[in-house]
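Enquirer: give me the fold of what follows.
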Amino acid sequence: MHVGRRLPRVRGQITRVSRDMQNPFNPVQILLSLHAQGRFVEMEQRARELLRGNGNVPILNELLGISLSGQKKFGEALPFLQKAVRREPNDALFWENLALCQRELGEYAFAERSLRQSLRLRPANAEALNTLGSVLRTQERTDEARAAFEQALAVAPKHGAACFNLGKLLLAQKRWQEAEAALDQAVRCGLESATADQFLGRILLMREHYEAAARHFRRAIARSPDDYLSFFCLARAESVLGRKGEVLPLVNAGFESIGDVGSRVNADTIVDFDFIVGLLTAMDMYDHALRILNVTVPFDGHCGRAILAAAAARNICDWSLADRFERLFIGRFEERTDPVNPFAGLSFVSITPSKQLSIARRWSFACPSKPLIYNPSVPARAGQRIKIGYLSSDFHSHAVGIVLAGVIENHDRSRFEIVACDHTVAAAEDPYRKRFRQAFDVFESLHECGEENAAQRIADRHVDIAVDLNGWTRNSWSHILVARPAPLQLQWLGYPGTMGAPWIDYIVADRKVIRAGEERFYSEKVLALPDCYLPNDDSRSSPPASSRSECGLPENAFVFGCFNQSYKVTPEVFDVWMRLLKGKDNSVLWLRASNDVAIENLRREAEGRGVSSKRLVLAPPVSSSDHLARIPNMDLALDCFPYNSHATACDMLWAGVPMVGLSGDTFAARVSESILSAADLPELVTRSYEDYFHLASRLAAEPIELAALRERVRARKQSALFDTKGFTRSLERGFELVWERHLRGLPPDHIDVPPSR
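Expert: All right, here's what the predicted structure looks like:
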């Protein structure tokens, strides 16, 4: 008996067709009817009864397999579906349904084989092509998967599922514009699902179209109130849009929708949970991120989650948890090959320059390869202005932007053309961003073309030297330089360490942060400036000092202070700070008011060391000018270790407040030494916790010596640290030296820029 049929897919996947089974009393039609009603247990019972006398009938074996699949008993279903194809090997649908079951069992190679057999019998089957694309994508054969989805759409242009799957694949590849077009087409084809809205919203979120993204997330939640990922995505959109009151309720709703995190984490959901962790950390909600990380870190031994968990714990100053995750990461890193973002490791006390290089290399090698854009056979331009392209997300009122603005304004336009390769995330038009727009010769907004086309846009500008100002920090686009859009590529300023990236030719540094003989710890060649690698803007104002009462400080107390971010505060440094408070009567510690959990933990740590938590005074966020106005109320600034003060140290010295530095073995641990040396204050650099304590303690106990020191600091503009024009000339000389080597056909090499004065 020949039977033609198509059933709705089980779980949206397993399919059959009914063409000529019109008799409602026909046994097969009864099974089809039970399937249509979702009565899979009864369907199984009837199919088994029929098979007792008709064990070799292919359609009955298949329908029994489908009934078992409807109950998610895929292992039991498989032999019946296999028997069906053995009995009727020329039925394309038998092969397709077998493949769908094999896919559920994770037998992807067998599923692919079955689908290809089905397609040999019915080449123009959009359903089978779409399923084949999904199977190939699961095996990370993305190019083949994309071809399968596109072939499905060539057969059926309005196939919503194929549009959706293609969009998901493009989303994973960060091809935002193409992914948005595919998912938008899926919705227009009638795919009305929460998942489609969620993915489309995620693309819009990545492309910084926050209002549009929020609309899709709200629609996804309305369609599926248990779509926990959409709650977190919507929270992120609302956070960027400034609707802060919406954020915490949405995050709480997301966790309520998840329920028990441990019961929801599996191989299928782990990517979503990793994405949620990224959203939460982007909103500085580190304690909430740890609610997930505590479950996901042990899941599959991945190094990346361990280092993320350590970083989150450091941000809330939960040092015992941070220590546990750091040790776990170090152990896993030796055993596994997982690439992990190296930024968090810069603040690990146990980190070495050699280990930093290993971590950075592994991360950079995981960046997908791209077709090379720069053609080295084309003669380099000589006798023209050198075109410098600065790649950054920080062309606004950001620590990097604040110290960089003066350099951009002071570049010699007779010798250099200066291009902004801007990928700033949702930046308001603050005063610094306006300065940058005016200072650059060209302000190229890369967000308009997306990451996938950004390298080509840089190449189209004929940039000679691309300077990456982010490195492996938040909002990095460093990976676009893999394609080599410029003949020479440098990294500078934002990332205090090696990037381990073979496509970065030089690191701009100085001989305090990278000493002679230490070049082996850097994948880049060292371009060493004569004084400090860190620039400053000597046109910054020096506003009148605010009063102590305005800052919430006791009038007559001795004020120690540190305005670094919470992740830089380690228990070893905090121990020294508490010893200083205990040794100096009527003293307080003035700290940056970071997240509430970090402050609560620091207060508890102070009490545990015998210091009243009331002696910790908080400095809330304020504008740049108000920040500079309050700093003079500090008597003595204190450095962090092993991730030193950077722009924060410059702020202290600009405001006339001396800082005790602490130097170590890594780039990040030597920045304050570089800054203090360039400010003609090398005596403030210490090299051990004990020396750090004794110097700070002595200065606090000697008011005359401290007053004389403050007078020296106030003469800051006479030092190399705050000579913006002189710094810019040295940087430009460095650019000229590396470009001259390139013009002569020489490979990059270590270069020490000679002093200009």
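Enquirer: low pLDDT regions in this protein?
Expert: Across the chain, the ranges flagged by pLDDT under 70 are 1-25, 192, 376-380, 426-428, 757.
Enquirer: closest to the centroid, which residue in it?
Expert: By Cα atoms, centre = their mean, the chain has its centre lying nearest to residue 474, at 5.4 Å.
Enquirer: residue contacts, that one?
Expert: 282, 343 (Cβ atoms under 8 Å, 6 or more residues apart in numbering). (Glycine included, C-beta is placed from N, CA and C.)
Enquirer: measure it to residue 341 for me?
Expert: 9 Å (Cβ to Cβ, to the nearest Å).
Enquirer: who touches both of these two?
Expert: By Cβ under 8 Å, 6+ apart, no residue touches both residue 474 and residue 341.
Enquirer: and the lengthiest helix in the chain, what other elements does it pack with?
Expert: Criterion DSSP state H: the longest helix present in the chain is helix 724-743. Where contact means 3 or more Cβ pairs under 8 Å, 6 or more residues apart in numbering; DSSP states H and E, helix 724-743 is packed against strand 386-392, helix 399-410, strand 465-468, strand 488-491, strand 506-510, strand 525-529, strand 751-752.
Enquirer: now the angle from that helix to helix 399-410?
Expert: Taking axes from the mean of the first three to the mean of the last three Cα atoms, to 10 degrees, one finds that helix 724-743 is oriented at 80 degrees with respect to helix 399-410.
Enquirer: and the contacts of helix 724-743?
Expert: By Cβ under 8 Å, 6+ apart, the list of residues contacting helix 724-743 reads 380, 382, 386, 388, 406-407, 410-412, 415-416, 464-465, 487-488, 490, 505-506, 508, 527, 529-532, 535-539, 720, 747-749, 751, 753-757.
Enquirer: how does the chain divide into domains?
Expert: According to automatic domain parsing, the chain comprises the domains 1-122, 260-365, 386-529, 548-722.
Enquirer: TSV for the ones you listed, including distance to residue 180?
Expert: Below are the domains of the chain laid out as TSV (distance: least, Cβ to Cβ, whole Å):
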stretch	distance to residue 180
domain 1-122	24
domain 260-365	17
domain 386-529	9
domain 548-722	33
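Enquirer: for residue 218, find the nearest of the ones you listed.
Expert: Shortest distance between residue 218 and the domains of the chain, using Cβ to Cβ, is found for domain 260-365: 16.2 Å.
Enquirer: just checking the distance from the closest one to the centre of its chain.
Expert: Counting by Cα atoms, centre = their mean, to the nearest Å, domain 260-365 is centred 12 Å from the centre of its parent chain.
Enquirer: quick one: terminal-to-terminal distance for it?
Expert: Using Cα to Cα, to the nearest Å, the end-to-end distance of domain 260-365 comes to 36 Å.
Enquirer: again, but for stretch 735-751
Expert: End-to-end for stretch 735-751, by Cα to Cα: 10 Å.
Enquirer: name the residues of that stretch that are buried.
Expert: 735, 737, 738, 739, 741, 742, 748, 751 (16 or more other Cβ atoms under 10 Å).
Enquirer: can you tell me how far residue 338 sits from residue 308?
Expert: For residue 338 relative to residue 308 (Cβ to Cβ), the value is 12 Å.
Enquirer: and those two? which has more neighbours close in?
Expert: residue 308 (27 against 18; other Cβ atoms under 10 Å).
Enquirer: in which helix or strand would I find the more buried one?
Expert: helix 303-315 (DSSP states H and E).
Enquirer: elements contacting that helix?
Expert: helix 270-282, helix 286-300, helix 319-335.
Enquirer: what's the angle from it to helix 286-300?
Expert: Using the same axes, to 10 degrees: helix 303-315 against helix 286-300 is 150 degrees.
Enquirer: between helix 303-315 and helix 270-282, how many degrees?
Expert: Going by the same axes, to 10 degrees, helix 303-315 makes 30 degrees with helix 270-282.
Enquirer: export helix 303-315 to PDB, keeping only CA atoms.
Expert: Extracted C-alpha coordinates of helix 303-315, given in PDB (Å, rounded to 0.1, in the frame of the first residue of the first chain):
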ATOM      1  CA  CYS A 303      39.000  29.000  31.000                       C
ATOM      2  CA  GLY A 304      37.100  32.100  29.900                       C
ATOM      3  CA  ARG A 305      34.400  31.800  32.500                       C
ATOM      4  CA  ALA A 306      36.900  31.300  35.300                       C
ATOM      5  CA  ILE A 307      38.700  34.500  34.400                       C
ATOM      6  CA  LEU A 308      35.400  36.400  33.900                       C
ATOM      7  CA  ALA A 309      34.300  35.200  37.400                       C
ATOM      8  CA  ALA A 310      37.600  36.400  38.900                       C
ATOM      9  CA  ALA A 311      37.200  39.800  37.300                       C
ATOM     10  CA  ALA A 312      33.600  40.100  38.500                       C
ATOM     11  CA  ALA A 313      34.600  39.100  42.000                       C
ATOM     12  CA  ARG A 314      37.400  41.700  41.900                       C
ATOM     13  CA  ASN A 315      35.000  44.400  40.800                       C
END
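Enquirer: show me what it is in contact with.
Expert: 274, 277, 281, 284, 286-287, 289-290, 293-294, 296-297, 299, 319, 321-322, 325-326, 328-329, 332-333, 336, 338-341, 343-345, 347-348, 565-567, 594-595, 598.
Enquirer: cool, stretch 182-190 as well?
Expert: By Cβ under 8 Å, 6+ apart, the list of residues contacting stretch 182-190 reads 158-161, 163-164, 166-168, 170-171, 196-197, 199-200, 203.
Enquirer: then stretch 286-298?
Expert: Against stretch 286-298 from outside (Cβ under 8 Å, 6+ apart): 251, 255, 261-262, 265, 270, 273-274, 276-277, 280-281, 305-306, 308-309, 312-313, 315-316, 318, 321, 325, 328, 595, 597.
Enquirer: who are the contact partners of residue 417?
Expert: 385, 386, 387, 388, 441, 442.
Enquirer: now do the SS call for it.
Expert: strand (DSSP: H, G, I helix; E, B strand; the rest coil).
Enquirer: identify the bridge partners of it.
Expert: As for beta bridges, residue 417 partners with residue 387 under DSSP bridges.
Enquirer: point out the other helices and strands that whichever strand or helix holds residue 254 packs with.
Expert: If you go by DSSP H and E, residue 254 is part of helix 247-258. On a contact count with 3+ Cβ pairs under 8 Å, 6+ apart, helix 247-258 meets helix 228-240, helix 286-300.
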